[in-house]
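**Student:** Using only what follows, build the 3D model:
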Amino acid sequence: MLTPDSPHFYTPAGTIIGWRDGAVVRASGIRYARAARFQPPVDEPPSAGPLLATAPGPACPQVVDSLLNQALGPALAGRTYDEDCLRLTVTTPGDGLPTERLPVLVWVHGGSYVSGAGDLAFYDPAPLVAEQRVVVVAVTYRLGLFGFLGRADAPANLGLLDLLSALRWVQRTIAGFGGDPACVTLLGHSSGGDAAAHLLVAEGAAGLFQRVILHSAPLGLAPNRARMTQAMAAAVGAIPADAPYQEVLTREVLAWRAARWAGLKSGMPFGTQYGAYPLPDEAALDQAWRAAAPTVDVLIGATAEELRFFAVIDPKFRWLGRLPLGPALTRRLVAAGSRRIYVDPAAAFANRHAQAGGRAYLFTVTYRPQGSAFGAAHTIDLPLLFGTQETWAAVPLLGDAPWEEVDRAGRQVRRLWAEFARTGALPATAEIPGVLHVRRV
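**Tutor:** Here you go, the predicted model:
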């Protein structure tokens, strides 16, 4: 992959050697920090020599959920896992110049805080980068027990601290890739959206980004988690410092089991913890979001049938659907759960932000691919932003939808999202029929 004309980026982090990939240039697997197990990250110092950035970094070790394959296919096939996973990948236009100052989007992946990586194939930002001339930084951070369960022997919110470290790297370094450090948008999906929402009020985050785009953030699961978290920590117990990561994952399963009694919250038991650095106490959270509102633009929303994703893949829902009144009951449960976890909290977040003096937009994704059992479910927005026909070909989520239809809709969504990243402003209302509705709050 390394050739005499491989792109070189001259940055405060050192000289970074990337690679050309069609209409874009990538620098992959760049280390932004290091962290010992259960310890805060330490920002990576500048490199004395050239940094070869031509291969993805490892994913955080994780328990692979086979149920997700029913919707998303084998997304992690072929990936390596390592606790030393604090890496990021930068994608820029292929004809970009270091003297340019392009908008930057920092991608925070979802996965219930326990699965995924920033640079999975179907998160490929190449279409967004090439069409809209933006720079995308995809971040991999610590997950599950490695990053999101504070205990006596481990601080809370380590994964959130990883993201702050990555944002500091962007501020120091992104100009060398043609990006504008004064025009940074956090783009988070699902638990990544939840993390991005909390970074608005994290100590040390001020000035690291100017906008946030929050897709399907499960904000309804965020409050009142302390008792569940304590039960999880007790179930995990002390972990020997020299335990292999496989043993840590075994303890993670114990934490999941200890959270089963917590109702809807047990669907995402790992997450941010209030009152632990860098987050305020839960009682101060609302006021902290209000205080941050005037300095950050917000675009937030959900899909029209969020929980239908889980109704299709979860055996409990499938059993319910076989009962005489099961399909109707499933629809009601999906609608009620979607409102409680995603839709109503997104509207409340946008309304509070606007009332506190910030600029806020609220969106609903209504796209329903033909031949798909998932409809307008959780994650249906992802192929409208990222990936190519090749990377989505093995993903059941899209059903029989022709790629031309997906790409046509996606181009319109990517245009709107890039405009928000550039200016923080959108029309008072914007409609892509059958795909998306956006309105200013």
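**Student:** Could you identify the helix or strand that succeeds the helix or strand of the chain with the lowest mean pLDDT?
**Tutor:** In the chain, no helix or strand scores lower on mean pLDDT, DSSP states H and E than helix 315-321, which sits at a mean of 64. For helix 315-321, the following helix or strand on the C-terminal side (DSSP states H and E) is helix 326-338.
**Student:** And for stretch 302-318, what's in contact with it?
**Tutor:** Identification of contacts with stretch 302-318 by Cβ atoms under 8 Å, 6 or more residues apart in numbering yields 67-68, 70-71, 215-216, 267, 321, 330, 333-335, 337-338, 341-343, 346, 364-366, 373-381. Quick note: C-beta positions are derived from backbone N, CA and C, even for glycine.
**Student:** Go ahead and flag the most central residue of the protein.
**Tutor:** For the chain, the residue nearest the mean C-alpha position is H109 (2.5 Å; Cα atoms, centre = their mean).
**Student:** and that residue, how far is that from M228?
**Tutor:** Remark: distance between H109 and M228 (Cβ to Cβ, to the nearest Å) = 23 Å.
**Student:** Quick check: the residue nearest to the centre of the chain touching F122?
**Tutor:** No: taking contacts as Cβ atoms under 8 Å, H109 lies outside contact range of F122: 10.5 Å.
**Student:** residues in contact with the host helix or strand of L384?
**Tutor:** If you go by DSSP H and E, L384 is part of helix 382-385. Helix 382-385 has contacts (Cβ under 8 Å, 6+ apart) with 122-123, 125, 128, 189, 365, 367, 392, 395, 397-398, 406, 409-410, 413-414, 417, 435-436.
**Student:** Repeat that for stretch 169-180.
**Tutor:** By Cβ under 8 Å, 6+ apart, the residues outside stretch 169-180 that reach it are 9-13, 16, 27, 32-33, 43-44, 88, 90, 92-93, 96-104, 106, 135, 137, 181, 184, 207-208.
**Student:** swap the cut-off to 7 Å and go again
**Tutor:** Identification of contacts with stretch 169-180 by Cβ atoms under 7 Å, 6 or more residues apart in numbering yields 9-13, 32, 90, 92, 96-98, 100-104, 106, 135, 137, 181, 184, 208.
**Student:** Tell me the buried residues within the residues you listed.
**Tutor:** 9, 11, 13, 32, 90, 92, 96, 98, 100-104, 106, 135, 137, 181, 184, 208 (16 or more other Cβ atoms under 10 Å).
**Student:** Point out where the stretch 201-350 of the chain drops to low pLDDT.
**Tutor:** Counting by pLDDT under 70, the stretch 201-350 of the chain has low-confidence residues at 315-326.
**Student:** residue boundaries of the strands in it?
**Tutor:** Applying DSSP state E, counting those that start in this stretch to the stretch 201-350 of the chain gives strands spanning 211-215, 297-303.
**Student:** Pairing partners for the longest one, with directions?
**Tutor:** So that's strand 297-303. With DSSP bridges as the test, strand 297-303 is paired with strand 211-215 (parallel), strand 360-365 (parallel).
**Student:** Tell me which residues touch L167, please.
**Tutor:** So L167 contacts V106, L208, F209 (Cβ under 7 Å, 6+ apart).
**Student:** how much space is there between the last one and R87?
**Tutor:** For F209, the distance to R87 equals 20 Å [Cβ to Cβ].
**Student:** same check, this time on the first one
**Tutor:** In this structure, V106 and R87 are separated by 14 Å, where distance is defined by Cβ to Cβ.
**Student:** And the average pLDDT for the helix or strand encompassing I30 is what?
**Tutor:** I30 belongs to strand 24-31 when assigned by DSSP H and E. Regarding strand 24-31, the rounded mean pLDDT is 97.
**Student:** can you give me the offset of the helix or strand following the helix holding L384 from its chain's centre?
**Tutor:** Moving toward the C-terminus from helix 382-385, the next helix or strand (DSSP H and E) is helix 389-392. How far helix 389-392 lies from its chain's middle: 20 Å, per Cα atoms, centre = their mean, to the nearest Å.
**Student:** now stretch 41-53
**Tutor:** Remark: stretch 41-53 is offset 24 Å from the chain centroid, using Cα atoms, centre = their mean.
**Student:** mind listing what's buried in it?
**Tutor:** Residues of stretch 41-53 classed as buried under the neighbour-count rule (16+ other Cβ under 10 Å) are P41, E44, L51, L52, A53.
**Student:** what residues are up against the residue nearest to the fourth one when sequence neighbours are not counted?
**Tutor:** Setting aside the residues directly before and after it, L52 is nearest to I17 in space (Cβ to Cβ, 6 or more residues apart in numbering), at 5.2 Å. By Cβ under 7 Å, 6+ apart, the residues touching I17 are L2, S6, H8, P50, L51, L52, A53.
**Student:** try it again with 10 Å
**Tutor:** With contact taken as Cβ atoms under 10 Å, 6 or more residues apart in numbering, I17 is in contact with M1, L2, S6, P7, H8, F9, A27, P50, L51, L52, A53, T54.
**Student:** Run a quick neighbour tally on D82.
**Tutor:** Residues near D82, counting by other Cβ atoms under 10 Å, number 12.
**Student:** if I look at it, how far off is A59?
**Tutor:** 8 Å.
**Student:** how many other residues sit next to N351?
**Tutor:** Neighbour count for N351, taken as other Cβ under 10 Å: 13.
**Student:** now swap in the one 4 residues further on and tell me
**Tutor:** The tally of other residues near Q355 (other Cβ under 10 Å) stands at 12.
**Student:** who touches it in this structure?
**Tutor:** Applying Cβ under 10 Å, 6+ apart, we find Q355 in contact with R290, A293, V441.
**Student:** Done for today, thanks.
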